[in-house]
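Q: how would this look folded up:
(2 chains)
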Amino acid sequence: QSALTQPASVSGSPGQSITISCTGTSSDVGTYNLVSWYQQHPGKAPKLMVYEVSKRPSGVSNRFSGSKSGNTASLTISGLQAEDEADYYCCSHAGARTPVVFGGGTELTVL
Amino acid sequence: QLQLQESGPGLVKPSETLSLTCPVSGGSISTSSYYWGWIRQPPGKGLEWIGSIYYSGSTYYNPSLKSRVTISVDTSKNQFSLKLTSVTAADTAVYYCARHILGYCSSTSCTSNYFDYWGQGTLVTVSS
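A: Numbers count the residues shown, from 1 in each chain, chains lettered A, B, ... in the order given. The predicted structure follows:
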């Protein structure tokens, strides 16, 4: 069982916006603004899309945005495109004893 | 451009030790502020962090794997390595190495946490 809870799947039509949630606890997401999000296409390595809740690495489209409220972080993808279809994973810091916890992943389908 | 590439046996027998190496090119593994991590993904499942190491040798491990994991660094070869002992079929997975940004870590927490460069991954199967 993953430490962070994500929906197994979400879907949306091209052009629409979708949001993927990532629910943790007061020991991880709720305490640290250190949530990151990764996109993974089949057979490929994960790619960093958002870090420190809402920062985007250079080269990542501004259609991807992150936020956090309480123990839940969210990734929003606006203007959905076919190429966004992939698995998405959230990750949080949980203190020095467990620096890294991942969510179980969400499969995004672009209809 | 930083590049990481996992290498090692693709097949390991049960009860034996899984050993992987991750040479780093395009940058120095001894650069301050960067940790170097291992993450795995069983077939059809999610990501699991294994552990991370600083060039000085300081390590963080996933508590669930800590008793079986050793991560080491060889700055002269610009690479870091993973050893996982007493493997079972449950350790079958794609293993990734990655650069891990942890920032400054005190005894209670770190100031950052994300993986920005990843290797392509290597499938390790545990089977007799």
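
Q: contacting residues around the closest residue to A:Gln16 other than its chain neighbours?
A: Excluding its sequence neighbours, the residue lying closest to A:Gln16 (C-beta to C-beta, 6 or more residues apart in numbering or on different chains) is A:Leu80, at 5.2 Å. Yep, even glycine has a C-beta here, placed from its N, CA and C like the rest. Applying C-beta atoms under 8 Å, 6 or more residues apart in numbering or on different chains, we find A:Leu80 in contact with A:12-18, A:110.

Q: how about TSV for these, with neighbour count and secondary structure added?
A: Below are those laid out as TSV (neighbours: other C-beta atoms under 10 Å in any protein chain shown; DSSP: H, G, I helix; E, B strand; the rest coil):
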residue	neighbour count	secondary structure
A:Gly12	17	strand
A:Ser13	9	coil
A:Pro14	11	coil
A:Gly15	10	coil
A:Gln16	13	coil
A:Ser17	12	coil
A:Ile18	19	strand
A:Val110	18	strand
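
Q: just for the chain, where's the confidence low?
A: The chain I'm using is chain A. For chain A, the stretches with pLDDT under 70 are A:1-2.

Q: what ranges do the strands span in it?
A: Secondary structure of chain A by DSSP state E: the strands cover A:9-12, A:18-23, A:36-40, A:47-50, A:64-69, A:72-77, A:86-92, A:101-102, A:106-110.

Q: equivalent analysis for chain B, please.
A: So, for chain B - with DSSP E - the strands run B:3-4, B:11-12, B:18-25, B:34-41, B:48-54, B:59-61, B:69-74, B:79-84, B:93-101, B:114-118, B:122-126.

Q: redo the ones you listed as a markdown table? Include mean neighbour count and distance to chain A.
A: Conversion of these to a markdown table gives the following (neighbours: other C-beta atoms under 10 Å in any protein chain shown; distance: least, C-beta to the nearest C-beta, whole Å):
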| stretch | mean neighbour count | distance to chain A |
| --- | --- | --- |
| strand B:3-4 | 18 | 9 |
| strand B:11-12 | 16 | 19 |
| strand B:18-25 | 20 | 12 |
| strand B:34-41 | 25 | 8 |
| strand B:48-54 | 23 | 4 |
| strand B:59-61 | 20 | 5 |
| strand B:69-74 | 18 | 13 |
| strand B:79-84 | 21 | 15 |
| strand B:93-101 | 24 | 6 |
| strand B:114-118 | 22 | 4 |
| strand B:122-126 | 17 | 10 |
